[in-house]
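>>> I need the structure of the sequence given here:
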Amino acid sequence: MLLDPDDVAAGNVVRFRRAKPDKVVRSRKPAHPEIVSVQDFTQTQLMRRAKAAGGLRTARKTERAGRTVKHAYLFRGLVRCAACGRKMEGSPRKHGMYYRCPARTLTPGSPALLTHPPTIYLKEEPLRDALNEWIGGLFDRQNIARTVEQLVQAQPTPRAADDGPARKQLEDAEARLQRFQNAISAGVDPSAVVEGINRAQADRAAAQAELMSAGEPAGLGEAEVYAMIDSLGNVSAALADGQPGRLAQLYRDLRLDLRFDHEKEAVDVTASPRVNNACVRGGT
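Here you go, the predicted model:
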């Protein structure tokens, strides 16, 4: 665009603008495997527009999402208010870190407004100490046998190695690729067989991935779990001296669900730890 329509000598500048929907050119045939379906993408766009169109009333019905924060919150996104079921937000104070749930942010007309106090506060320090004491107690001598047994039993059962169909699919895909290469060498236009080559390459990649996952590790035995726990040392002491960032990661890995009941002044805790015994380079 011209910087000055009345002065051509002033030069021009490039402006990028979003094209109108009727001007967007879309391919009739997908050039690569889709990441999400068109239906899911469209549904997501409609949900975003609906959230923005409703204003504050609609926004208050949605979950509090992650935002950039200046302070480290150990239980960020994990603590819920039992009175309304919403996530509690971090609220740093001079004498400690708190989590709060203000009634003013409730949806207008919500039934929770009848019994919800103006603001509910939960201090982080006593909750952290109680959780660390419980986690450390799982590795005490009186509880270690039960903990090890649960860890071993929680591992998924290894699948039987049956790679016959996957190996046949791999051989078929490689044979098709070889035929396409021979055809191109014989003078066939490559653009005429590009779709077939893409499908064969996708089938070959899927078969290779299935063959690699067929040898799934059988998991850890009791002796190995005992050895790993012994290498940790004093778990209670490690938790007491743990860095906030690593403690927060531990709580997220345990997938804690904490619900604070202000009337009972108690927190109900549910942990749903994941079992991870397979990765790219073997069992962990």
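>>> ok but Ala112 is inside a helix, no?
Yes - assessed with DSSP: H, G, I helix; E, B strand; the rest coil, Ala112 lies in a helix.
>>> tell me how far the closest residue to it other than its chain neighbours lies from Arg104.
Leaving aside its sequence neighbours, Ala112 sits nearest to Cys84 (Cβ to Cβ, 6 or more residues apart in numbering; 4.0 Å). In short, each C-beta sits where N, CA and C put it, glycine included. Between Cys84 and Arg104 the distance is 12 Å, computed by Cβ to Cβ, to the nearest Å.
>>> kindly report the same for Val235.
41 Å.
>>> which one's more surrounded, those two?
Val235 (16 against 9; other Cβ atoms under 10 Å).
>>> got the contact list for the more buried one?
The neighbourhood of Val235, defined by Cβ atoms under 8 Å, 6 or more residues apart in numbering, consists of Ile135, Gly136, Leu138, Phe139, Ile229.
>>> and which of the residues you listed is nearest to Gln178?
Nearest to Gln178 among those: Ile229, at 52.2 Å, using Cβ to Cβ.
>>> contacting residues for the closest residue to that closest one other than its chain neighbours?
Spatial nearest neighbour of Ile229, excluding adjacent residues (Cβ to Cβ, 6+ apart): Phe139 at 6.1 Å. Counting by Cβ under 8 Å, 6+ apart, Phe139 makes contact with Thr147, Ile229, Leu232, Val235, Ser236.
>>> show me where the chain has its helices.
38-53, 55-59, 124-137, 144-153, 164-185, 194-214, 222-232, 235-240, 244-253 (DSSP state H).
>>> and the closest residue to Ala240 other than its chain neighbours, how many neighbours?
Excluding its sequence neighbours, the residue lying closest to Ala240 (Cβ to Cβ, 6+ apart) is Asn132, at 6.4 Å. Neighbours of Asn132 under the rule other Cβ under 10 Å: 19.
>>> do the one 5 residues further on as well
Using other Cβ under 10 Å, Gly137 has 13 other residues around it.
>>> cool, and Met212?
Neighbour number of Met212 under other Cβ under 10 Å is 12.
>>> show the pLDDT at it.
If you check Met212, the pLDDT there is 70.
>>> now it: how far from Phe75?
Met212 is 38 Å from Phe75, by Cβ to Cβ.
>>> repeat for Gln249
For Gln249 relative to Phe75 (Cβ to Cβ), the value is 12 Å.
>>> for those two, indicate the residue with more neighbours.
Phe75 (23 against 13).
>>> list the contacts of the more buried one.
Tyr99, Glu124, Leu127, Arg128, Ala248, Tyr251, Leu256, Leu258.
>>> now do the buried residues in stretch 189-206.
The neighbour-count check on stretch 189-206 (16 or more other Cβ atoms under 10 Å) flags Val193, Ile197, Ala200, Asp203, Arg204 as buried.
>>> same question for stretch 244-264.
For stretch 244-264, by 16+ other Cβ under 10 Å, it's Leu247, Ala248, Leu250, Tyr251, Leu254, Leu256, Leu258, Arg259, Phe260, His262.
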